[in-house]
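# starting from these lines, generate the structure:
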Amino acid sequence: MTLAAMKQNVLELDKSWSPCKCISVPEAFKKVMKGVAEFVDMHENAYAQHDFDSWMDLSEYREAFEQDKHTWIQGVSQKILAPFVIRVKTYDHAKRGIVKFSRHNVYIRDNYTCQYCGMTRKSENLNLDHVVPRRQGGESTWTNIVCSCFSCNTKKGGRTPKQAKMKLIRKPVKPIWTVDLELPRVRPKSWSAFVSDAYWNTSMENDNEE
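The predicted structure is shown next:
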């Protein structure tokens, strides 16, 4: 197996897509093979979750058509995509607590999914929407902010969902998880949707988005 790939860090997310910790590649494979976690693949503007078998199928396809675009581990019979992110299927109860009200954590709470059309996107293709717009007295709170795609955000504009004849997938609530994670200085680009610098963790009290 490729030594460099085996030494890389893998970001572990909990069920709510909240980053928990950094683990090793062997540990990531062990958790997925046990069925307690799944690999997360970022491709274009969407996320895909994979068990071990579908990850091997994905590796075979990308080795044939996109070999130069990925990091590989040399297996016994084929090259295997090096994982960068996994998601465990249960919450890490030890990390529950009061979560900071931030852009990044709203994205995590809403599973990187537009709360109007239901489409999942990368963070750079998402926006935040005040359910009740500021111009109508809406506040920047957990219960009035939702994740939205650019299209739905533009369509809704400065109106309430009812006024825009749009429907929320689910009512926004204040989450009870928290993020307590030490990150390496150098981290994979694919982590940026889940852990970033000050922009994602800055308070949104003065956010100007509708």
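
# how does this structure divide into domains?
According to automatic domain parsing, the chain is divided into the following domains: 3-93, 100-175.

# save these as a markdown table, and put in mean neighbour count and mean pLDDT too.
Where you see a C-beta, it was placed from the backbone N, CA and C, and this is true even at glycine. Output for those, formatted as a markdown table (neighbours: other C-beta atoms under 10 Å; pLDDT from 0 to 100):
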| stretch | mean neighbour count | mean pLDDT |
| --- | --- | --- |
| domain 3-93 | 16 | 87 |
| domain 100-175 | 17 | 93 |
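
# among those, which is nearest residue 192?
Shortest separation from residue 192 across the domains of the chain is recorded for domain 100-175, at 7.2 Å, computed as C-beta to C-beta.

# what about residue 194, how many residues nearby?
Residues near residue 194, counting by other C-beta atoms under 10 Å, number 23.

# could you check how far it is from residue 103?
Separation of residue 194 from residue 103 (C-beta to C-beta, to the nearest Å): 13 Å.

# just residue 8 next, same as before
Counting by C-beta to C-beta, the gap from residue 8 to residue 103 is 27 Å.

# likewise residue 10?
24 Å.

# then residue 4?
For residue 4 relative to residue 103 (C-beta to C-beta), the value is 33 Å.

# all helices for the protein, in order.
Using DSSP state H, the helices assigned to the chain run over residues 3-6, 25-34, 52-65, 103-109, 150-156, 198-201.

# and of the domains of the chain, who's closest to residue 189?
It is, among these and with distance given as C-beta to C-beta, domain 3-93, at 8.7 Å.

# first to last residue in stretch 175-189, what's the distance?
In terms of C-alpha to C-alpha, to the nearest Å, the two terminal residues of stretch 175-189 are separated by 27 Å.

# next one: stretch 38-54
Where stretch 38-54 starts and where it finishes are 10 Å apart, if you go by C-alpha to C-alpha.

# got the contact list for that stretch?
Under the contact criterion C-beta atoms under 8 Å, 6 or more residues apart in numbering, stretch 38-54 has outside partners 13, 28-29, 32-33, 35, 55, 58, 81, 83, 85-87, 89, 112, 120-122, 125, 190, 193.
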